[in-house]
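> this one's sequence-less:
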């Protein structure tokens, strides 16, 4: 879709799940031509997405940190996004092109959408899709996510036990994301539903420190935020 | 994960949803170093994935067509996959590296898994994840797929009406895929469930001939196979 790109000043770029080689040609091209490169970083910590893109960062580009305070999941940092959107808007009005880096895919559980909703009121914002951690996790595990007429659900581990069980029941295969400190709860649900045997665990898929483990091996262990469990109900391939 | 790639002779490569620029650096590198490039093509028709990768095909590589006869969705062409797996096995035993091209992501509703299950019995098969049509569709529509604790379901339009309604009820957002000749049925279900207003339609996302339309505009029209509908229950961003 390069034909009408010229008037786009603001881009959300999916940089992929972790391996720097899993960025697309399109995201790389736009990243390297950008005047300003913006990315989120939690207050006082390093930016994961900046690290994923590190080897691709153009020399001389201006960098803009979107500082996101640690807040509860239900109340995203509205002020931080208002402020960042204001800064990006200013850059765009100054004629600069801004690339906003997003882990995985921009529209899949990322914080980019909070910027997108603000910026797209006044600007045409380009979005370059990326390889999501789901697809990366399945590839590294060697487990197909979906076949034929499967219903596949992506289920955050943050849901309560009854809700998790119900959502799992309504799917043929599932990816449980954001496992983190919810691992014990998720394992209890999978065991109660008879789904533990068909479940595969991976953390930090394609990133440094990737680890694949069985759910049994993970007893007494805390999972990192970037972990997921793929659940297939029947190995009928 | 380049460290231990050297012993992999057989690769499944996600080439992305259609735009040739949405291939990853990793898939491109492996594609261009392959001795044999294999891809599915329906009997007597052109290969869509070959077309997506056309500008990236290395000069001089041997091409292998995996001819997939038109069959019902419940009975994949087992003989065709047996035969193709046999040919790929032969190439690998001859010391060649084989790249199998996959539309979107290899493990997401593709036919690659039928080869993977056969070939991984004797070989370590590498899988390079790709940008799926879901992420591409959301990006082109400008519609976030998932936020915070949303459960997102991918639902084939091939299900019957009651099943479609039930699966939609169990999700916070959904992507209905394989719309094709099921468009009228899907529209009926979305209207009955009060979800039509929050539904967005796109066909051939990022491919030549991409089209975005409202569900109303699509009345009396047949949708192509590569079409999807993104359904969000609440625009609460």
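Nice, thanks for sending it over. Predicted model only: the values in this text are computed from it and were never measured. Residues are numbered from 1 along each chain as shown, chains lettered A, B, ... in the order given.

> contacts and neighbour counts: CA atoms only from here.
Fine.

> the lengthiest helix in chain A near chain B at all?
Ranked by number of residues, the top helix in chain A under DSSP state H is helix A:78-93. No. Against chain B, helix A:78-93 shows no contacts by CA under 8 Å from any CA of the partner chain, the least distance being 10.7 Å.

> per-residue pLDDT, the residue of chain A most remote from its centre?
Using CA atoms, centre = their mean, the residue of chain A lying farthest from its centre is residue A:94. It sits 30.0 Å away. Listed pLDDT for residue A:94 reads 98.

> for residue A:150, same thing?
For residue A:150, pLDDT reads 94.

> got the phi/psi numbers for the residue nearest to it when sequence neighbours are not counted?
Of all residues not flanking residue A:150 in the chain, residue A:172 sits nearest, at 5.6 Å (CA to CA, 6 or more residues apart in numbering or on different chains). The phi/psi pair for residue A:172 (degrees, to the nearest 10) reads phi -90, psi -30.

> contacts only, for residue A:172.
A:150-153, A:232-233 (CA atoms under 8 Å, 6 or more residues apart in numbering or on different chains).

> what's the answer for residue A:7, then?
Here residue A:7 is in contact with residue A:124 (CA under 8 Å, 6+ apart).

> how about the helices of chain A, start to end?
Using DSSP H, the helices of chain A run over residues A:25-33, A:48-53, A:78-93, A:112-119, A:133-141, A:161-169, A:183-192.

> quick one: buried residues of the third one?
When you say that, I think you mean helix A:78-93. A:80-81, A:84-85, A:88-89, A:91-92 (16 or more other CA atoms under 10 Å in any protein chain shown).

> chain B: which of these is nearest?
residue A:81 (12.2 Å; CA to the nearest CA).

> thought the closest one was touching residue A:117?
No. With contact defined as CA atoms under 8 Å, residue A:81 and residue A:117 do not form a contacting pair (10.1 Å).

> the contacts of residue A:172: which two are farthest apart?
Of all pairs drawn from those, the greatest distance, 12.1 Å, lies between A:153 and A:233 (CA to CA).

> among those two, which residue is more densely surrounded?
residue A:153 (28 against 17; other CA atoms under 10 Å in any protein chain shown).

> how far away is the residue farthest from the centre of chain A from chain B?
To chain B, residue A:94 is 24 Å away according to CA to the nearest CA, to the nearest Å.

> next one: residue A:134
Counting by CA to the nearest CA - residue A:134 and chain B are separated by 9 Å.

> give me the pLDDT for residue A:214.
pLDDT, residue A:214: 86.

> what sits closest to residue A:203 if chain neighbours are left out?
In this structure, residue A:203 finds its nearest non-sequential neighbour in residue A:227, 3.9 Å apart by CA to CA, 6+ apart.

> in chain A, where is pLDDT below threshold?
Along chain A, the model assigns pLDDT under 70 to residues A:1-3, A:70-76, A:234-237.

> show me the domain layout of it.
Listed by automatic domain parsing, the domain ranges of chain A are A:2-131, A:134-232.

> format those as TSV; extra columns: distance to residue B:185.
Output for the domains of chain A, formatted as TSV (distance: least, CA to CA, whole Å):
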stretch	distance to residue B:185
domain A:2-131	27
domain A:134-232	16
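
> relative to residue B:30, which of those domains is closest?
Among these, domain A:2-131 comes nearest to residue B:30, with 11.1 Å by CA to CA.

> what's the neighbour count on the residue nearest to residue A:203?
Neighbours of residue A:227 under the rule other CA under 10 Å: 23.

> and if you look at residue A:33?
Neighbourhood size, residue A:33 [other CA under 10 Å]: 15.

> cool, residue A:57 as well?
With other CA under 10 Å as criterion, residue A:57 counts 18.

> that one touches residue A:33, doesn't it?
No. Using CA under 8 Å as the test, residue A:57 is too far from residue A:33 to be in contact (9.8 Å).

> ok so, going back, so what sits against both of residue A:153 and residue A:233?
With CA under 8 Å, 6+ apart, residue A:153 and residue A:233 have common neighbours A:172-173.

> and the residue nearest to residue A:150, how far from residue A:45?
38 Å (CA to CA, to the nearest Å).

> try residue A:136
25 Å.

> more neighbours: these two, which one.
Remark: of residue A:136 and residue A:45, residue A:136 carries more neighbours, 29 against 9, as counted by other CA under 10 Å.

> setting the sequence-adjacent residues aside, check what's closest to that one.
Take residue A:136 and drop its neighbours on the chain: the residue closest to it by CA to CA, 6+ apart is residue B:129, 5.5 Å away.

> and the strands in chain A?
Assigned by DSSP state E, the strands in chain A fall at A:10-14, A:36-42, A:62-68, A:98-102, A:125-128, A:152-156, A:173-177, A:199-203, A:211-213, A:227-232.

> how about the last one: buried residues?
What that stands for is strand A:227-232. So, applying 16+ other CA under 10 Å, buried residues of strand A:227-232: A:227-232.

> what's the answer for the third one, then?
Residues A:64-68 are the ones in strand A:62-68 that count as buried (16+ other CA under 10 Å).

> mind putting those residues into JSON lines with distance to residue A:195?
Below are these laid out as JSON lines (distance: CA to CA, whole Å):
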{"residue": "A:64", "distance to residue A:195": "44"}
{"residue": "A:65", "distance to residue A:195": "42"}
{"residue": "A:66", "distance to residue A:195": "40"}
{"residue": "A:67", "distance to residue A:195": "39"}
{"residue": "A:68", "distance to residue A:195": "36"}
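
> and the furthest pair within those residues?
Pairwise distances across the buried residues of strand A:62-68 (CA to CA) peak at 12.4 Å, for the pair A:64 and A:68.

> hey, what's residue A:102 bridged with?
Assessed by DSSP bridges, residue A:102 has beta-bridge partners residue A:14.

> my read: residue A:15 touches residue A:24, true?
Yes. The criterion here is CA under 8 Å, and residue A:15 meets it with residue A:24 at 7.3 Å.

> neighbour-wise, which of these two wins?
residue A:15 (33 against 30).

> how much space between the more buried one and chain B?
10 Å.

> next one: that residue from residue A:156, what distance?
22 Å.

> could you do residue A:168 as well?
Note on residue A:168: its distance to residue A:156, by CA to CA, is 11 Å.

> who's more crowded, the two?
Between residue A:168 and residue A:156, residue A:168 has the larger neighbour count (other CA under 10 Å), namely 25 against 21.

> next, the residue nearest to residue A:136: phi, psi?
The phi/psi pair for residue B:129 (degrees, to the nearest 10) reads phi -70, psi 160.

> what number of residues lie near the nearest residue to residue A:69 once chain neighbours are set aside?
Distances taken as CA to CA, 6+ apart place residue A:43 nearest to residue A:69, at 5.2 Å, with adjacent residues excluded. Counted by other CA under 10 Å, the residues lying close to residue A:43 total 13.

> right, and the residue nearest to residue A:203 touches residue A:200 too?
No. Shown here, residue A:227 and residue A:200 do not form a contact pair, counting by CA under 8 Å, at 10.7 Å.

> mind listing what residue A:128 touches?
So, once contact is read as CA under 8 Å, 6+ apart, residue A:128 ends up touching A:11-14, A:26-27, A:105-106, B:136, B:139.

> re earlier: for residue A:55, see how far away the residue nearest to residue A:136 is.
Look at residue B:129 and residue A:55: by CA to CA, they are 20 Å apart.
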